[in-house]
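Trainee: Everything below, folded, please.
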Amino acid sequence: TFRYSTVGLERALSYTPGVGSFHAQGAGLWTMPPKGKAKAGSKGGKAAAGGDNGDKKDKGPKGGNAVKVRHILCEKHSKSMEALEKLKAGMKFNEVASQYSEDKARQGGDLGWMTRGSMVGPFQEAAFALSNSTTDKPIYTDPPVKTKFGYHIIMVEGKK
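Mentor: Below is the predicted model of the structure:
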């Protein structure tokens, strides 16, 4: 990181190896994307996925900073697979959660709105990768996601 001042404005300039871009921090933010990696308005590549500049660091490839999430948490893999079978048979997500989830925090597996950084890694990755759905016709993680808490079947009701 290099620091320099121009007409009383201090900026920090850093180079990101592997990404090949310079980023200035301070008054008058500017970035220079790597050649051929991403152009303005394009999708894909490291530069478009967020990466290294300011507020965009928190946004992942699927966008948004919060998800309204429900889950079914089971300590044992076998119990989570039983719950998964009930969902596949057409049972509502909140009913399966009430019956199978070992997380007693909220009824029906509802965790409410959760922000990036407030969830454990694998859970967060899965939650932000899912599409929005309803408890009647849920889109959920299959197979269940393993974390230090157990096995989660996750569904997302909204993103913002």
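
Trainee: Please make it C-alpha for all contacts and neighbour counts, starting now.
Mentor: OK.

Trainee: Now do the strands in the chain.
Mentor: Per DSSP state E, the chain has strands spanning 2-6, 9-16, 21-26, 30-32, 66-74, 110-115, 145-147, 150-159. These are given in chain order.

Trainee: In terms of mean pLDDT, which of these ranks lowest?
Mentor: If the strands of the chain are sorted by mean pLDDT, strand 30-32 sits at the bottom with a mean of 38.

Trainee: isn't Gly109 right up against Glu102?
Mentor: No: using C-alpha atoms under 8 Å as the test, Gly109 is too far from Glu102 to be in contact (9.3 Å).

Trainee: Show me the common contact partners of those two, please.
Mentor: By C-alpha atoms under 8 Å, 6 or more residues apart in numbering, Gly109 and Glu102 have these common neighbours: Ile72.

Trainee: Could you check which of those two has the larger neighbour count?
Mentor: Counted by other C-alpha atoms under 10 Å, Gly109 and Glu102 do not tie: Gly109 has more neighbours, with 27 against 15.

Trainee: and the more buried one, what does it touch?
Mentor: With contacts defined as C-alpha under 8 Å, 6+ apart, the neighbours of Gly109 are Arg70, His71, Ile72, Asn94, Ala97, Ser98, Ser101, Asp103.

Trainee: Now for the first one, how many residues are close by?
Mentor: Looking back up the chat, that one is Arg70. Arg70 is flanked by 26 other residues according to other C-alpha under 10 Å.

Trainee: Tell me the one among the contacts of Gly109 nearest to Asp136.
Mentor: Nearest to Asp136, judged by C-alpha to C-alpha, of these is Asn94 at 8.5 Å.

Trainee: residues contacting that closest one?
Mentor: Contacts of Asn94 were listed using C-alpha under 8 Å, 6+ apart, and they are Gln107, Gly108, Gly109, Asp110, Thr135.

Trainee: quick one: which of the residues you listed is most hemmed in?
Mentor: Busiest of the contacts of Asn94 [other C-alpha under 10 Å] is Gly109, holding 27 neighbours.

Trainee: Serialize the contacts of Asn94 to TSV and add fields for distance to Thr147.
Mentor: Below are those laid out as TSV (distance: C-alpha to C-alpha, whole Å):
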residue	distance to Thr147
Gln107	21
Gly108	20
Gly109	16
Asp110	18
Thr135	23
